[in-house]
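Chemist: Sequence first, then the predicted structure, then my questions.
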Amino acid sequence: MTVTLSSTETSALVFLALFVFLVVRRTIRQLRGAPYSPGRLWVFAGLYVLLFSALAFTTLFAAVSTWGTDAYVLLAPYVATPCIAAFLAAPYVERVVRFERREDGQLYYRLSWHIPVLYLVLFTARFVAEIVVFGLAGVIVSFPPPSPPTVTDLGILIGVDLLFAVSLGLLVGRGIGVYEAHRTLPPETVPPPSPPLPSG
């Protein structure tokens, strides 16, 4: 049996494969130890905030076409879910993160295995649910759904978006926790300058 993919589905599949590869690679690096870089932490979190904002906007747009202005009540869980997840994750990550200076001179941080694995599970569950319900074309953003979307489809859209919101909150909380833990590290001991070599 031959499966023929449209150009949109092919592009979505390539995007998904690349995105999953990056997330899995980053998860493995956090388990083994990732170089500490505040810029990398915030840039990665910022990209996820932008992607989540696009998802939230498109789902809200679809909800308004079904429920009218009552759909704006969705703003509350869409804002609260990542904020609560980040609020809970940040102090926990700050307690459990470990830093080490390795042979290459760089400072690395490592997290307990369940933090990146939980993030990966939520991330994967969200995409699997969306692929099952909306097909490969829906893996980039949940839009456009059937117009107007059925109540069932809309509920699933909201559910997968909120899964993404939890993983986004964990990601942001991880960044805050790692940053705060690094900020409170005791200063490294710097050996005093060597005395000058004797002349002659």
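Modeler: Now that the structure is in, tell me what you want to look at.

Chemist: residue ranges of the strands in the protein, please?
Modeler: Secondary structure of the chain, counting by DSSP state E: strands at 34-35, 98-101, 107-110.

Chemist: Most tightly packed of these?
Modeler: strand 107-110 (a mean of 18; mean count of other C-beta atoms under 10 Å). Any C-beta I mention is one placed from the backbone N, CA and C, and that applies to glycine too.

Chemist: chain center to that strand: distance?
Modeler: 19 Å (C-alpha atoms, centre = their mean, to the nearest Å).

Chemist: Repeat that for stretch 14-32.
Modeler: 11 Å.

Chemist: Tyr48 against Leu171, yeah?
Modeler: Yes. Between Tyr48 and Leu171 there is a contact under C-beta atoms under 8 Å: 5.5 Å.

Chemist: who has more neighbours, these two?
Modeler: Leu171 (27 against 17; other C-beta atoms under 10 Å).

Chemist: Could you pull up the contacting residues of that one?
Modeler: Phe44, Ala45, Tyr48, Tyr119 (C-beta atoms under 8 Å, 6 or more residues apart in numbering).

Chemist: coming back round to it: I'd like the strands of the chain as a markdown table, with distance to Phe15 and mean pLDDT appended.
Modeler: Output for these, formatted as a markdown table (distance: least, C-beta to C-beta, whole Å; pLDDT from 0 to 100):
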| stretch | distance to Phe15 | mean pLDDT |
| --- | --- | --- |
| strand 34-35 | 24 | 85 |
| strand 98-101 | 34 | 88 |
| strand 107-110 | 29 | 87 |
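
Chemist: could I get those strands as TSV with distance to Tyr179?
Modeler: Compiled in TSV, the strands of the chain are given as follows (distance: least, C-beta to C-beta, whole Å):
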stretch	distance to Tyr179
strand 34-35	13
strand 98-101	12
strand 107-110	10
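
Chemist: Ok, which of these comes nearest Phe123?
Modeler: Closest to Phe123 of the strands of the chain, according to C-beta to C-beta: strand 34-35, at 17.0 Å.

Chemist: any idea how far that closest one is from the chain center?
Modeler: That offset, for strand 34-35, works out to 17 Å (C-alpha atoms, centre = their mean).

Chemist: and if you look at stretch 19-39?
Modeler: On C-alpha atoms, centre = their mean, the centre of stretch 19-39 falls 11 Å from that of its chain.

Chemist: I'd say Val97 and Val178 touch.
Modeler: Yes. Contact criterion C-beta under 8 Å: Val97 and Val178 qualify, at 5.3 Å.

Chemist: what's Ala85 in contact with, if anything?
Modeler: Contacts of Ala85 by C-beta under 8 Å, 6+ apart are Ala165, Val166, Ser167, Leu168, Gly169, Leu170, Val172, Gly173.

Chemist: Okay, and which of these map to helices?
Modeler: Ala165, Val166, Ser167, Leu168, Gly169, Leu170, Val172, Gly173 (DSSP state H).
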